[in-house]
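[1] sequence first, then the predicted structure, then my questions.
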Amino acid sequence: MATPLAYTAHYAHPAAAVRAALADEQYWKDRVEEVGGPGARLDSFSADGDRLRVEMVQTIPASELPPAITSVRPGDLIIPRTENYEGLSGVFEAHVEGAPAKVRGTVTLTGSGTASQAVVDGSVEVTIPLFGKKIEAVVAEKLLELLASETEFTNTWITNH
C-alpha cells in the first residue's frame, strides 16, 4: 500500500499566469537550476497547443537523507521525473534510480481573480520488505519540501518575468 502525497501550492498570480510559466521552457531551466539539487538537469521540454511535457532529473544529496534511506540505498538519490499537462491539469511520475521507489499523481490548477492554487494528489511507493513504509514516509516528506520550494520559486519567477 503506497503512502499518499497531498500538497496544495498557493500562487499569488492568476491561473493563466502560472500556466503560461509552465509553458515556458526558460521557466523549467531556471526552476531545475534553482531547486533541482546538485547535478539536476532538464532533459526535454515540448509544448504543442495546450499540451506540454517536461522530463527532468533532480537529486537529493546523501547528506540530506536520514540513515533509514542511506543504509538501504547509499549515495545521492537521482530522481528522473516527468510531468505532462493538458490545459490546467497534469500528471507526474518519478522514480529513484537504483531503488524500487515510484511516485505518481495528478496536478490540478484552479484560480479565481488574482490568485490560484495547484492541488497535487499522488502516492509514494517503495517496495522494500520491512523498510518500505519508513522510506516512503521520508521520501514523501522530502517531496513536500521540494514542492514547497518549487511553489516559492514559481511565485518569484512569475513576479520577475
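    Cool, the structure landed.
[2] ok, and the closest non-adjacent residue to E150?
    Of all residues beyond its chain neighbours, the one nearest E150 is V35 (5.7 Å), with distances taken as Cβ to Cβ, 6 or more residues apart in numbering. Glycine gets a C-beta too; all of them are placed from N, C-alpha and C.
[3] pretty sure the one you found sits against L146.
    Yes. Taking contacts as Cβ atoms under 8 Å, V35 lies within contact range of L146: 6.9 Å.
[4] mind listing the strands for the chain?
    3-11, 41-48, 51-60, 77-86, 89-95, 101-112, 115-126 (DSSP state E).
[5] tell me which helix or strand of the chain sits lowest on mean pLDDT?
    helix 67-70 (a mean of 82; mean pLDDT, DSSP states H and E).
[6] so what touches it?
    The list of residues contacting helix 67-70 from outside it, by Cβ atoms under 8 Å, 6 or more residues apart in numbering, reads A62, L77, F131, K134, I135, V138, V139.
[7] with mean neighbour count, distance to P66 and mean pLDDT added, can I get the strands of the chain in JSON lines?
    Formatted as JSON lines, these follow (neighbours: other Cβ atoms under 10 Å; distance: least, Cβ to Cβ, whole Å; pLDDT from 0 to 100):
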{"stretch": "strand 3-11", "mean neighbour count": "16", "distance to P66": "15", "mean pLDDT": "97"}
{"stretch": "strand 41-48", "mean neighbour count": "13", "distance to P66": "25", "mean pLDDT": "97"}
{"stretch": "strand 51-60", "mean neighbour count": "19", "distance to P66": "11", "mean pLDDT": "95"}
{"stretch": "strand 77-86", "mean neighbour count": "18", "distance to P66": "12", "mean pLDDT": "95"}
{"stretch": "strand 89-95", "mean neighbour count": "17", "distance to P66": "19", "mean pLDDT": "97"}
{"stretch": "strand 101-112", "mean neighbour count": "17", "distance to P66": "15", "mean pLDDT": "95"}
{"stretch": "strand 115-126", "mean neighbour count": "19", "distance to P66": "14", "mean pLDDT": "97"}
